[in-house]
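Peer 1: Just the structure for this:
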Amino acid sequence: MLALSGWGLNVRVRRRRLVVADGLGPRRREGAFFRASSPIKRLVLIGRSGSVTLEAIAWLNDTRAALIHLDWDGTVLLASAAWRSDDGRLRRQQALATTNGTGIAIARELVAAKLRGQRDVLLERGKSRGGDHDPRDPARRSR
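Peer 2: Residues are numbered from 1 along each chain as shown. Down below sits the predicted model:
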């Protein structure tokens with residue numbers, strides 16, 4: 001994912017490369033990407049000032065990258081879905097997951113992974129701030 005924000009957002013194609021820029025003055029950033037080696041799967045634009053050319057939209061589509069435009073408060077202003085193959089077997093399994101317990105198992109694992117990640121962040125932040133509080137310590141948990 002590549003996120004651009006601030007004033008002066010610009011997404012265009014120059015010499016068959018996608019050229020992206022954000023910021024103003026000394027904080028301006030610019031980069032260029034070739035189609036064959038582009039790591040962009042999603043281009044997220046945050047703000048209301050700037051431009052995106054039709055050629056850039058076609059370039060993103062050709063490389064199967066999605067384009068998302070968000071307002072400063074997180075409101076979705078535009079969302080494109082990258083083209084993907086339509087595998088009937090996958091669609092069938094997704095539909096069945098709601099009734100055969102697979103969906104619940106996946107949801108449980110996702111929530112567990114999220115909680116493990118949050119725990120790790122809390123532990124790391126506690127260490128970086130010089131604290132000795134361990135959220136896993138049952139004696140220190142609030143009830």
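Peer 1: Identify each buried residue in stretch 36-55, please.
Peer 2: Within stretch 36-55, the residues that qualify as buried are S38, I40, L43, L45, I46, G47, G50, V52, counting by 16 or more other CB atoms under 10 Å. (C-beta placed from N, C-alpha, C; glycine too.)
Peer 1: quick one: contacts for the second one?
Peer 2: Okay, so that is I40. By CB atoms under 8 Å, 6 or more residues apart in numbering, the residues touching I40 are M1, L2, L18, F33, L60, T63, A65.
Peer 1: just for the chain, where's the confidence low?
Peer 2: For the chain, residues meeting the criterion pLDDT under 70 lie at 82-85, 128-143.
Peer 1: domain assignment for it?
Peer 2: In terms of domains, the chain is parsed into 2-79, 88-130 (source: automatic domain parsing).
Peer 1: Please identify the most buried of the ones you listed.
Peer 2: Highest mean neighbour count among these (mean count of other CB atoms under 10 Å): domain 2-79, with a mean of 14.
Peer 1: that older thread, identify, from the contacts of I40, the entry nearest to T102.
Peer 2: The closest of the contacts of I40 to T102 turns out to be M1 (CB to CB; 27.3 Å).
Peer 1: Now do the strands in the chain.
Peer 2: Taking DSSP state E as the test, the strands found in the chain are 2-5, 9-14, 17-22, 29-33, 42-46, 50-52, 66-70, 76-79.
Peer 1: re the thing from before, can you tell me which of the contacts of I40 is nearest I106?
Peer 2: Of all these, I106 sits closest to M1, with 22.1 Å by CB to CB.
Peer 1: can you name the two of the buried residues of stretch 36-55 that are farthest apart?
Peer 2: Pairwise distances across the buried residues of stretch 36-55 (CB to CB) peak at 22.2 Å, for the pair S38 and G47.
Peer 1: thinking again about what came up before, V121: which of the strands of the chain is closest?
Peer 2: Once the strands of the chain are compared by CB to CB, strand 2-5 is nearest, at 20.1 Å.
Peer 1: Identify the neighbouring strands of that closest one in the sheet and state each direction.
Peer 2: strand 42-46 (parallel) (DSSP bridges).
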